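Novice: For reference, the sequence and a predicted model appear below.
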Amino acid sequence: MQMAPLVPVMSANADWLARSHAAVWHPCTQMKQHERLPLVPIARARGAWLFDFDGRRYLDAVSSWWVNLFGHAHPKINAAITAQLAELEHVMLAGFTQRPVVELSERLAALAPGRLGHCFYGSDGASAVEIALKMSFHAWRNAGYAAKTGFVSLAGSYHGETLGALSVTDLAIFRDAYAPLLRQQQTVPSPDARRAAAGVSAHEHALGAASALQAWLEEHHATTAALIVEPLVQGAAGMAMYDAIYLARARELCTQYRVHLIADEIMTGMGRTGTMFACEQAGIAPDFLCLSKGLTGGYLPLSVVLATDDVYAAFYDDDVTRGFLHSHSYTGNALACSAALAVLDLFRDDDVIATNRTRAAALTALAQPLAAHPKVTGWRNLGMIWAFEVDSERDDFARWCFSEGLARELLLRPIGRTVYWMPPYCLSDDEMALLAARTLEIVDCA
Ligand SMILES: Cc1ncc(COP(=O)(O)O)c(C=O)c1O
């Protein structure tokens with residue numbers, strides 16, 4: 001007869017949890033909080049679902065920090081990366097080039113608004129923001145405007161966590177500890193529709209914010225290189241949505257005052273707001289377009305800054321120092337570019353933008369009881385983003401809601417009292433019904 005083991009049997013989850021605690025420093029986390037709120041070890045993922053080591057599952061309603069576009073383990077993206085792996089995994093991009101990076105650059109430039117003819121690659125979103133800021137300053141310097149060293153961003157903006165990106169970020173929780181390391185902050189009022197005074201429409205509020213931008217540029221344009229914005233949705237500020245008129249006015253003002261417009265579409269790009277790029281909804285083209293997150297469908301780190309032909313020309317010279325000498329070792333990584341090409345193929349072949357419109361209408365309809373719930377305010381939706389504030393007395397609402405979500409097979413990650421959905425573009429009707437019904441259950445007991 002076999003004896004039962006004398007040592008206690010830990011679940012596979014518990015084992016990975018303990019090892020992760022001992023060895024991994026997790027991002028955006030006060031690690032001590034994990035004493036009360038355990039990490040979630042994930043073994044595998046398929047479609048919209050994440051599975052842990054003990055067989056539990058979670059619907060990835062935030063696309064794994066807004067990166068995953070078509071679900072996990074997508075067969076076409078898997079196949080594209082595998083095929084590329086057999087040819088070339090990586091070659092340095094200084095002095096060399098390769099098929100995926102050329103094709104991706106051509107296709108992005110063709111899709112992007114305006115004449116954004118050259119692509120400069122980085123790895124994460126923050127590195128794209130660094131590139132755009134440096135490029136803007138340097139382009140002006142090459143053009144004889146060396147005094148243009150400043151940047152201006154919107155109140156509540158988020159552009160990443162490296163020092164340059166953090167300098168144009170206006171969220172105290174990320175910024176304050178590092179304030180002594182950052183550049184002087186310059187912000188203008190946000191067009192965030194939630195901040196509109198009673199009786200003022202989102203459109204009027206956005207026009208008011210644009211007037212404030214005009215006043216600011218009038219005074220500071222000579223020392224300002226660029227305005228950087230998250231077009232239509234300020235994600236980390238709590239999915240703050242605003243009227244497209246602001247972007248249209250900002251484009252006019254930037255042109256009038258000779259200030260670059262940097263569109264940080266790291267979160268809003270790749271179809272997330274209902275058009276391929278959010279800027280399209282304002283009918284504008286920026287001077288720089290930053291993309292990352294969904295660019296590879298959530299598979300591999302890759303970011304890109306598309307720059308106008310004019311900006312590119314400002315660097316093209318016999319003098320080496322007038323060139324853009326910025327670099328990252330993995331710039332234009334071939335595997336990441338092959339994933340991004342597969343993503344663009346899916347957009348082209350599956351008519352994703354139109355399909356998402358139908359999907360979004362279905363989820364919005366299923367969410368009506370939630371939108372009408374007495375504890376819910378500020379219900380909003382744009383493309384494949386839904387958000388609302390929850391009227392709750394709980395001090396720790398975000399963590400409480402996250403735990404309640406996990407208990408109901410949902411990955412929700414509220415920002416303060418703002419609950420949002422930013423699901424992958426593959427939710428079935430049943431998955432949408434589950435998401436809406438279980439979020440409603442949580443709000444019921446908030
Ligand atoms: C608008 C925006 N810009 C920049 C970033 C930074 O991207 P990353 O986290 O890849 O550095 C983010 C990340 O959430 C973002 O939402």
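Specialist: Structure's in. What do you need? In this text, all values refer to a predicted model and were calculated from it rather than measured experimentally.

Novice: Quick check: closest non-adjacent residue to Ala155.
Specialist: Ser190 (4.4 Å; CB to CB, 6 or more residues apart in numbering). C-beta: built from backbone N, CA, C; applies to glycine.

Novice: How about the contacts made by that neighbour?
Specialist: Residues near Ser190 by CB atoms under 8 Å, 6 or more residues apart in numbering: Leu154, Ala155, Gly156, Ser157, Ala209, Gln234, Ala237, Ala240, Tyr242.

Novice: Are we agreed that it is in a helix?
Specialist: No - in this structure, Ser190 is coil, not part of a helix, as judged by DSSP: H, G, I helix; E, B strand; the rest coil.

Novice: Spatially nearest residue to the residue nearest the centre of the chain, not counting backbone neighbours?
Specialist: For the chain, the residue nearest the mean C-alpha position is Met267 (2.2 Å; CA atoms, centre = their mean). Once flanking residues are discounted, Met267 sits nearest to Gly235: 4.4 Å by CB to CB, 6+ apart.

Novice: Hmm, that neighbour is touching Glu265, no?
Specialist: No - using CB atoms under 8 Å, Gly235 is not in contact with Glu265; the gap is 10.8 Å.

Novice: what about Ser329, which SS state?
Specialist: On the basis of three-state DSSP, Ser329 is classed as coil.

Novice: What is the neighbour count of it?
Specialist: Residues near Ser329, counting by other CB atoms under 10 Å, number 10.

Novice: which ones are touching Arg380?
Specialist: Ala193, Met239, Met241, Trp386, Ala387, Phe388.

Novice: Hmm, the residue nearest to the centre of the chain is touching Cys290, no?
Specialist: No - using CB under 8 Å, Met267 makes no contact with Cys290, being 10.1 Å away.

Novice: Return every residue with contacts to both of the two.
Specialist: In contact with both Met267 and Cys290: Gly125, using CB under 8 Å, 6+ apart.

Novice: related to what we said a few turns ago, so which of the contacts of Ser190 are in helices?
Specialist: Secondary structure from DSSP state H places Ala209 of these in helices.

Novice: could I get the contacts of Ser190 as JSON lines with neighbour count and pLDDT?
Specialist: Formatted as JSON lines, the contacts of Ser190 follow (neighbours: other CB atoms under 10 Å; pLDDT from 0 to 100):
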{"residue": "Leu154", "neighbour count": "27", "pLDDT": "98"}
{"residue": "Ala155", "neighbour count": "18", "pLDDT": "98"}
{"residue": "Gly156", "neighbour count": "20", "pLDDT": "98"}
{"residue": "Ser157", "neighbour count": "23", "pLDDT": "98"}
{"residue": "Ala209", "neighbour count": "25", "pLDDT": "98"}
{"residue": "Gln234", "neighbour count": "27", "pLDDT": "98"}
{"residue": "Ala237", "neighbour count": "21", "pLDDT": "98"}
{"residue": "Ala240", "neighbour count": "26", "pLDDT": "98"}
{"residue": "Tyr242", "neighbour count": "27", "pLDDT": "98"}
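
Novice: Whichever residue of the stretch 301-446 of the chain sits closest to the ligand - how many residues pack around it?
Specialist: Relative to the ligand, the nearest point of the stretch 301-446 of the chain is Ser303 (6.8 Å; CB to the nearest ligand atom). Ser303 has 27 neighbouring residues, counting by other CB under 10 Å.

Novice: who touches it in this structure?
Specialist: Contacts of Ser303 by CB under 8 Å, 6+ apart are Tyr121, Gly122, Ser123, Asp124, Gly125, Ser127, Ala128, Ile266, Cys290, Leu291, Ser292, Leu295.

Novice: Just the CA atoms of stretch 312-323, as CSV, please.
Specialist: The C-alpha trace of stretch 312-323 is given here as CSV (Å, rounded to 0.1, in the frame of the first residue of the first chain):
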residue,chain,number,x,y,z
TYR,A,312,13.3,63.6,-41.2
ALA,A,313,14.7,66.2,-43.6
ALA,A,314,15.9,68.4,-40.7
PHE,A,315,18.3,65.6,-39.7
TYR,A,316,19.5,64.6,-43.2
ASP,A,317,23.0,66.2,-43.5
ASP,A,318,26.7,65.6,-44.1
ASP,A,319,27.3,66.6,-40.4
VAL,A,320,27.0,63.4,-38.2
THR,A,321,26.0,65.4,-35.2
ARG,A,322,22.9,66.7,-37.0
GLY,A,323,21.8,63.1,-37.3
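
Novice: ok so, going back, can I get the contacts of Arg380 in CSV with distance to the ligand, neighbour count and pLDDT?
Specialist: What follows is these, written out as CSV (distance: CB to the nearest ligand atom, whole Å; neighbours: other CB atoms under 10 Å; pLDDT from 0 to 100):
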residue, distance to the ligand, neighbour count, pLDDT
Ala193, 18, 19, 98
Met239, 11, 26, 98
Met241, 14, 20, 98
Trp386, 17, 25, 98
Ala387, 14, 23, 98
Phe388, 19, 23, 98
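
Novice: For the protein, which residues are neighbours of the ligand?
Specialist: By CB under 6 Å from any ligand atom, the residues of the chain that approach the ligand are 124-126, 129, 158-160, 230, 235-236, 264, 266-267, 292.

Novice: Tell me the one of those residues nearest the ligand?
Specialist: In terms of CB to the nearest ligand atom, no member of the residues of the chain next to the ligand lies closer to the ligand than Gly125, at 2.1 Å.

Novice: That closest one reaches Leu295, doesn't it?
Specialist: No - with contact defined as CB under 8 Å, Gly125 does not reach Leu295; the gap is 9.6 Å.

Novice: Which of those two has more residues huddled nearby?
Specialist: Per other CB under 10 Å, whichever of Gly125 and Leu295 has more neighbours is Leu295, with 30 against 27.

Novice: can you tell me how far that one sits from Tyr121?
Specialist: Distance, Leu295 to Tyr121, using CB to CB, to the nearest Å: 10 Å.

Novice: overlap in contacts of these two?
Specialist: Leu302, Ser303, Val304.

Novice: Using JSON lines, lay out those residues together with distance to His328, pLDDT and secondary structure.
Specialist: Supplementary listing: the shared contacts of Leu295 and Tyr121 in JSON lines, determined by distance: CB to CB, whole Å; pLDDT from 0 to 100; DSSP: H, G, I helix; E, B strand; the rest coil:
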{"residue": "Leu302", "distance to His328": "11", "pLDDT": "98", "secondary structure": "coil"}
{"residue": "Ser303", "distance to His328": "9", "pLDDT": "98", "secondary structure": "strand"}
{"residue": "Val304", "distance to His328": "12", "pLDDT": "98", "secondary structure": "strand"}
